[in-house]
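Chemist: below are the sequence and a predicted model for it; my questions follow.
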Amino acid sequence: MGADRLPFMLRSRLFWRIFSINTVAVLIFFVASLGYVELSLKAAIQPAQLESVRVVLLTASGALLLAGMVISFLTARMISGPVEGMRRAAEGIARGDFKERLDEQGDFAALASAFNAMSVQLQNRVEEIEARTRELASIMENVSDGLLLVDAEGNVALVNRAATRLLGQSAAQLEGRPLWQSVRHAEVDELLKQLLILSEPGSVRIEQGAGATTQTLEIVATPLFEVAGGGKLAVLLVRDRTEDKRLDQMRRDFLADVSHELKTPLTSIKAYVETLIDGAVDDPTARAPFLEKIHSNAQRLTALVSDILDISRLESSPHDDERQRQDLNKLVERVVAQFRDRAQKRNVTLEFTRVEAAADAFVNDHDMSEAVENLIDNAIKYSSEGSKVAVAVTREDGQLTISVTDSGIGIPQESLHRVFERFYRVDQARSRALGGTGLGLSIVKHVALRHGGKAEAESELGKGSTFTITLPAA
Ligand code: ADP
């Protein structure tokens, strides 16, 4: 039988203490009473009667002593029972078990009820703290940024899932070790030193991995703060900045390309104007062609600026909220009609074939018209005189396709995948001579993407090309 399964009264020291004190008190009382009665009797009655009186007295005293002991036992039990219950409940609370409730009756009713109330309150507080801890742990685990808690010695105390993913190391590899051992970057060492010695916040950018998988990570450090138990921790935030860096690079490239594109016509205009100022203005044979050059360069500038504005707007947001249900047959037919004169001037036959099935789609009329204009413009531009440009709308598997086919100069295979890039031209000189900006197909690609579709090109050098925009039918 285990100690905790022994009868309650045997286990309770308190019970025995109370019981012994009571019993000793009863004993002293009876021994004293007995002595007193005997002395009184000796003085009051005859010696012959004394023996029988003593027997009666002893029997009565024995019975009374027994009764006293029983009363002591019961009293001790009454006092020690609730106290022992409280001790047991308090031990339970210390173990985190709040289920035990005390009987709120008897002499200790008020104490038991206060104890129970305290137990309920403690249970609520502990549950609240546990819930908050769970909440914080779940937030920490699920934030997309990486979080590392570092102690005053630079050892990693805790990491979240995002941090292990971004740093490419498991929690076991990171936790409990100095950060410099797992993340070997001079910039991170410097950041930590600054943080731990000078308590200064800061941030660094590091490159992780190699080649195409290179990641740009930003590590932001916040100063040490005190935690329960007297220790100090600092938070390091790890963010993936790869996409930002790519966009930054794209913006820089775009700016460089735009500046370069704008510089060429501006330099020409400046040179022609200076020549005119220097005297050519008085020479009728030079004046007219110079002014013509200035005019065409100004037109090119206008076209460039207009296309640059369009591409910036299209690239700034991948979705278009201004689309409306429209019949693509009608939209494409209208654009084809705008090019009839130009095609005729170049002796190019312009054909349009409408789809017989329903051709409704959700489109941004302005953007889609511009995209189709760019395709037909290119087809006429890069076609030889007397050739044919066929424009068609077709429908297949819930997708509508606008196709523009020419039998012009075609595009070499190695250039085909690049023609949708900004400012990419197969033949710079020819494009410029024809008034191209190098942005037409890039606009087409962005318009198709914003319509939940795609733009594609097929071509054979010297034979011709087919450009298509495919988008979901309504
Ligand atoms: P551009 O203003 O120079 O025409 P685009 O973005 O519209 O710019 O086209 C990019 C390049 O793709 C053109 O410079 C040209 O080399 C090639 N290209 C586009 N359309 C055709 C076509 N129909 N036939 C042959 N080449 C084309």
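Modeler: Cool, got the structure.
Chemist: distance of the closest residue to the ligand within the stretch 51-200 of the chain relative to residue 166?
Modeler: Taking C-beta to the nearest ligand atom, the ligand has its nearest neighbour within the stretch 51-200 of the chain at residue 144, 36.5 Å off. Heads up, the C-betas are built off the backbone N, CA and C, glycines and all. Applying C-beta to C-beta, to the nearest Å, the value for residue 144 to residue 166 is 10 Å.
Chemist: and the two? Which one has more around it.
Modeler: Legend: neighbour count by other C-beta atoms under 10 Å for residue 144 and residue 166, higher for residue 166 (20 against 11).
Chemist: center of this protein - which residue?
Modeler: residue 144 (3.0 Å; C-alpha atoms, centre = their mean).
Chemist: which residue packs closest to the closest residue to the ligand within the stretch 201-350 of the chain, ignoring adjacent ones?
Modeler: Nearest residue of the stretch 201-350 of the chain to the ligand, counting by C-beta to the nearest ligand atom: residue 307, 8.0 Å away. The shortest distance from residue 307 to any non-neighbouring residue, by C-beta to C-beta, 6 or more residues apart in numbering, is to residue 439 (4.0 Å).
Chemist: and that neighbour, how far is that from residue 265?
Modeler: 14 Å.
Chemist: residue 102 now?
Modeler: 94 Å.
Chemist: next: residue 164.
Modeler: Taking C-beta to C-beta, one finds residue 164 at 53 Å from residue 265.
Chemist: same thing with residue 25?
Modeler: 119 Å.
Chemist: more crowded one of the two?
Modeler: residue 265 (21 against 12).
Chemist: mind listing what the more buried one touches?
Modeler: For residue 265, the contacting residues are 297, 298, 300, 301, 304, by C-beta atoms under 8 Å, 6 or more residues apart in numbering.
Chemist: any buried residues in the stretch of helix or strand the last one belongs to, and which?
Modeler: With elements taken from DSSP states H and E, the one containing residue 304 is helix 284-316. For helix 284-316, a neighbour-count test (16 or more other C-beta atoms under 10 Å) marks 290, 293-294, 297, 300-301, 303-304, 307-308, 310-311, 314-315 as buried.
Chemist: stretch 152-164 now?
Modeler: Buried residues in stretch 152-164 (16+ other C-beta under 10 Å): 154, 155, 156, 158, 159, 160, 162, 163, 164.
Chemist: residues of the stretch 251-400 of the chain that sit close to the ligand?
Modeler: 374, 378, 379, 382 (C-beta under 6 Å from any ligand atom).
Chemist: report pLDDT for the residue nearest to residue 307.
Modeler: For residue 439, the pLDDT comes out at 94.
Chemist: what sits against it?
Modeler: So residue 439 contacts 304, 307, 308, 310, 311, 422, 423 (C-beta under 8 Å, 6+ apart).
Chemist: all strands of the stretch 101-250 of the chain, in order?
Modeler: 146-151, 156-159, 202-208, 215-226, 232-240 (DSSP state E, counting those that start in this stretch).
Chemist: okay if I get those strands as TSV plus distance to residue 113 and mean pLDDT?
Modeler: Below are the strands of the stretch 101-250 of the chain laid out as TSV (distance: least, C-beta to C-beta, whole Å; pLDDT from 0 to 100):
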stretch	distance to residue 113	mean pLDDT
strand 146-151	43	92
strand 156-159	42	92
strand 202-208	57	89
strand 215-226	39	87
strand 232-240	42	90
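Chemist: make a markdown table from those and add distance to the ligand to it.
Modeler: Formatted as a markdown table, these follow (distance: least, C-beta to the nearest ligand atom, whole Å):
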| stretch | distance to the ligand |
| --- | --- |
| strand 146-151 | 41 |
| strand 156-159 | 47 |
| strand 202-208 | 33 |
| strand 215-226 | 30 |
| strand 232-240 | 32 |
